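In: sharing a model prediction with you, sequence too.
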Amino acid sequence: MTARTSRSPSANRIINGMSLLRRSILVGMAAMCVLPATATAATPPRILVHYDLAAGQQPENVAVEPRGDLDVTLATALQVERVTPQGERTPLATLPKPADGGVHTPILGFPIATGIVRARDGVLYVGYASGDATLTGIWRVSPGIPPRRVIPFPANSFPNGMALTGDTLYVADSALGKIWRASVCGGEPTTWATGPALEATSGFAANGLKIHNDAIWASNTTQGTLLRVPIRRDGSAGEIQPKATGLTAIDDFAFNGETVVAALNFPNQVALVHSDGTTTTLLTGDNGLRGPTSVAVDHGHLYVMSASYILQNDPNILVADLP
C-alpha cells in the first residue's frame, strides 16, 4: 500500500473508524483460523473496475440485473451505479448527506450506503446508515426519479444486507443485532428475528442476508458465523440454526446451488462454504481482492466487491469463473 502524507478530515474519520472496527473483530476472533487456499477458479480472475478511493468510490454491495449488469452501492460516496459486464459505469443515484456529516452513525461514525436488492419491476432498494433519524432506512431508486426513503429506520440502527421476496423485505441490522421485516410499499419495519446468534459485543453483528429454500440466511461478522432462520408457515421466524463457524470477518455472501460463496473482509479472501459446513478458500489478495464485502453469482461468473476499508488501496470489482 502506498504511503500517504496527508488526508482529509473525513478520510481520517473513515480510517480511524475502520481501524477500531478491525481491532474489535480481530480480538473477538483470535481463536479462528484463516482458511487455506485450496480451491481454484476455472480461468484467471480479472479486475473489471478500478475505483477512485479519494472520491469515496468503495463498492459495498451488489444486485444483478436480468441481462447481467451489476447495480452497485458505493459506500462512502453514498452513490448507486450500474456496471456492465464490460466494466462500463452509469450513475443512478446519490443519497443525501446528513447535516452533521454522519458522525452519529453507529459503529463507524460516518454515513454509508449499504445493501441493495432489485425488485421484479426493476426498482432498486438501498440501505442507508447515517445516524440521522430523517435519513436512515431503505431508499427507493428508480430511473429518472430522485431517490426517496420508503422505510424509516431508527437513527441507532445500521440496516445492512437485505433480501426481497414479493413485497416483503428482510434487513440485517449490524448495530442492533437483529433481522427486520418490512413492506417495500412503505411503513415502519418490525423486528422479525432476534437472539444472541445475531448480536455482537462490539463491531458488526448480523451483516449479510439472503433468502434460500424457505429460510433467511445471515452472517454474523464478529462471531464469524453463517446462520439459517426458517420462515414458518405463518411468516414468523423459526429457531436460529448455525450452519458454519470459523468464518473470520464474514461480510455478505451469495448462493451457488447449495454452496455459499462468502466474502471474508479482513482476511482478504472469498471462501466456499459447503453444505456440510466445511470451507475452502477460492480467492485471496494475490488474485486482486482488496477487502471483499459482497459477492454476486451470475451464470457461472463470480463478481466480488472489494471496498478496501482497511487496506485503503485499489477498491475494485473482480470477476472470476466459478470452479
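Out: Noted; the coordinates are in hand. Numbers count the residues shown, from 1 in each chain.
In: residue 119: how many residues sit nearby?
Out: Residue 119 has 16 neighbours, counted by other Cβ atoms under 10 Å. No exception for glycine: its C-beta is placed from N, CA and C like everyone else's.
In: residues contacting the closest residue in space to it that isn't next to it in sequence?
Out: Closest residue in space to residue 119, ignoring its immediate chain neighbours: residue 164 at 6.2 Å, by Cβ to Cβ, 6 or more residues apart in numbering. Residue 164 makes contact with 117-119, 125, 170, 184, 211, according to Cβ atoms under 8 Å, 6 or more residues apart in numbering.
In: go on, residue 272?
Out: Per Cβ under 8 Å, 6+ apart, neighbours of residue 272: 39, 259-262, 279-282.
In: may I ask which helix or strand encompasses it?
Out: strand 269-273 (DSSP states H and E).
In: with residue 148 instead?
Out: Counting by DSSP H and E, residue 148 is found in strand 145-152.
In: what about the strand holding residue 272, distance to the chain center?
Out: 15 Å (Cα atoms, centre = their mean, to the nearest Å).
In: same question, stretch 254-265
Out: The answer for stretch 254-265 is 12 Å, by Cα atoms, centre = their mean.
In: could you give me the average pLDDT of that stretch?
Out: Across stretch 254-265, the average pLDDT comes to 97.
In: partner strands of the strand holding residue 272 and their direction?
Out: strand 259-264 (antiparallel), strand 279-283 (antiparallel) (DSSP bridges).
In: which one of those strands lies closest to residue 58?
Out: With Cβ to Cβ as the criterion, residue 58 lies closest to strand 259-264 of the strands paired with strand 269-273, at 13.4 Å.
In: which residues touch that closest one?
Out: Counting by Cβ under 8 Å, 6+ apart, 35, 208, 217, 219, 226, 244, 247-255, 270-275, 282, 292-295, 297, 302, 304-305, 322 sit against strand 259-264.
In: show me those that map onto strands.
Out: Of those, the ones assigned to strands by DSSP state E are 208, 217, 219, 226, 244, 250-255, 270-273, 282, 292-295, 297, 302, 304-305.
In: just want the angle from the strand holding residue 272 to strand 292-298.
Out: 50 degrees (axes from the mean of the first three to the mean of the last three Cα atoms, to 10 degrees).
In: buried residues, stretch 229-246. List them.
Out: Buried positions in stretch 229-246, judged by neighbour count with 16 or more other Cβ atoms under 10 Å: 229, 231, 237, 240, 244, 246.
In: tell me which residues are up against it.
Out: Here stretch 229-246 has contacts from 32-33, 35, 179, 192-193, 195, 197-198, 214-218, 223-228, 260, 273, 277, 279, using Cβ under 8 Å, 6+ apart.
In: and if you look at stretch 180-191?
Out: Under Cβ under 8 Å, 6+ apart, the answer for stretch 180-191 is 119, 123, 125, 138, 140, 150-153, 159, 164, 167-171, 173, 178-179, 192.
In: which ones among those are found in strands?
Out: Using DSSP E, the contacts of stretch 180-191 in strands are 125, 138, 140, 150-152, 159, 164, 168-171, 173, 178-179, 192.
In: of the contacts of stretch 180-191, keep whichever come out buried.
Out: Buried members of the contacts of stretch 180-191, scored by 16+ other Cβ under 10 Å, are 119, 123, 125, 138, 140, 150-153, 159, 164, 168-171, 173, 178-179, 192.
In: buried stuff in stretch 314-323?
Out: Neighbour-count burial for stretch 314-323 [16+ other Cβ under 10 Å]: 314-320, 322.
In: how many other residues sit next to the residue lying closest to residue 275 once chain neighbours are set aside?
Out: Excluding its sequence neighbours, the residue lying closest to residue 275 (Cβ to Cβ, 6+ apart) is residue 258, at 4.6 Å. Residue 258 has 11 neighbours, counted by other Cβ under 10 Å.
In: would you mind measuring from residue 258 to residue 50?
Out: 33 Å (Cβ to Cβ, to the nearest Å).
In: what of residue 62?
Out: 16 Å.
In: which of those two has more residues huddled nearby?
Out: residue 62 (24 against 14).
In: what sits against that one?
Out: With Cβ under 8 Å, 6+ apart, residue 62 has these contacts: 70-73, 116, 294-296, 303, 305.
In: let me know the closest of these to residue 95.
Out: Of all the contacts of residue 62, residue 73 has the smallest distance to residue 95: 9.2 Å, by Cβ to Cβ.
In: quick one: secondary structure of the closest one?
Out: At residue 73 the chain is in strand, as set by DSSP: H, G, I helix; E, B strand; the rest coil.
In: identify the bridge partners of it.
Out: residue 61, residue 80.
In: next, count neighbours for it.
Out: Neighbours of residue 73 using other Cβ under 10 Å come to 32.
In: next one: it from residue 288, what distance?
Out: Residue 73 is 20 Å from residue 288, where distance means Cβ to Cβ.
In: flag the shaky bits of the protein, pLDDT-wise.
Out: 1-42 (pLDDT under 70).
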